[in-house]
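Asker: What follows is a predicted protein model with its sequence.
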Amino acid sequence: MSFVVPAFAVVPVTVSSQFLAQQPGNGDNGGQGEDFGKSSPVGFLILILFLIAVALLVRSMTKHLKKLPESFDEPAASLEAPAEEKAGEEKPAEPVEKAEKPVAKSD
């Protein structure tokens, strides 16, 4: 989609865009002095500290994710049956106990 300017507005639009695009003439240079774009050692130190913090957070998150179970779904009763019942021996029905939640270890 293109922007079409009416014929009567072409001159004011061009003049205003040239005026707005000019650099200030009072010697300020828009805040772009000789130190513009240069970083200080303090900024570099902060950047290094942020990178170290991110690395430690990723490491910690990886440890916590490894402790999670494969699935949060409760296992089916047929999967918890002992191997003897699978072999064909019949036993009286026993209540199936819920699996205990893993206890998180404190570091």
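Answerer: Cool, got the structure.

Asker: Low-confidence ranges, this structure, go.
Answerer: 1-3, 5, 9-13, 16-31, 75-107 (pLDDT under 70).

Asker: longest helix of it?
Answerer: helix 41-66 (DSSP state H).

Asker: Just the buried residues of that helix, please?
Answerer: By neighbour count with 16 or more other CB atoms under 10 Å, helix 41-66 contains no buried residues. Bear in mind the C-beta positions are built from the backbone N, C-alpha and C, glycine included.

Asker: Tell me the helices and strands packed up against that helix.
Answerer: Of the remaining helices and strands, none touches helix 41-66 by 3 or more CB pairs under 8 Å, 6 or more residues apart in numbering; DSSP states H and E.

Asker: Okay, residue 45 and residue 52: tell me how far apart.
Answerer: According to CB to CB, to the nearest Å, residue 45 stands 11 Å off from residue 52.

Asker: what do you get for residue 34?
Answerer: 32 Å.

Asker: And for residue 70?
Answerer: From residue 70 across to residue 52, the span is 32 Å (CB to CB).

Asker: ok, now which ones touch residue 60?
Answerer: Under the criterion of CB atoms under 8 Å, 6 or more residues apart in numbering, residue 60 has no neighbours.

Asker: could we number from 218 for the rest of this?
Answerer: All set: I'll call the first residue 218, so the last point we hit is now residue 277.

Asker: That one and residue 263: what is the separation?
Answerer: Taking CB to CB, one finds residue 277 at 21 Å from residue 263.

Asker: Could you do residue 280 as well?
Answerer: From residue 280 across to residue 263, the span is 26 Å (CB to CB).

Asker: for residue 290, helix, strand, or coil?
Answerer: coil (DSSP: H, G, I helix; E, B strand; the rest coil).

Asker: mind checking the backbone torsions on it?
Answerer: The phi/psi pair for residue 290 (degrees, to the nearest 10) reads phi -70, psi 140.
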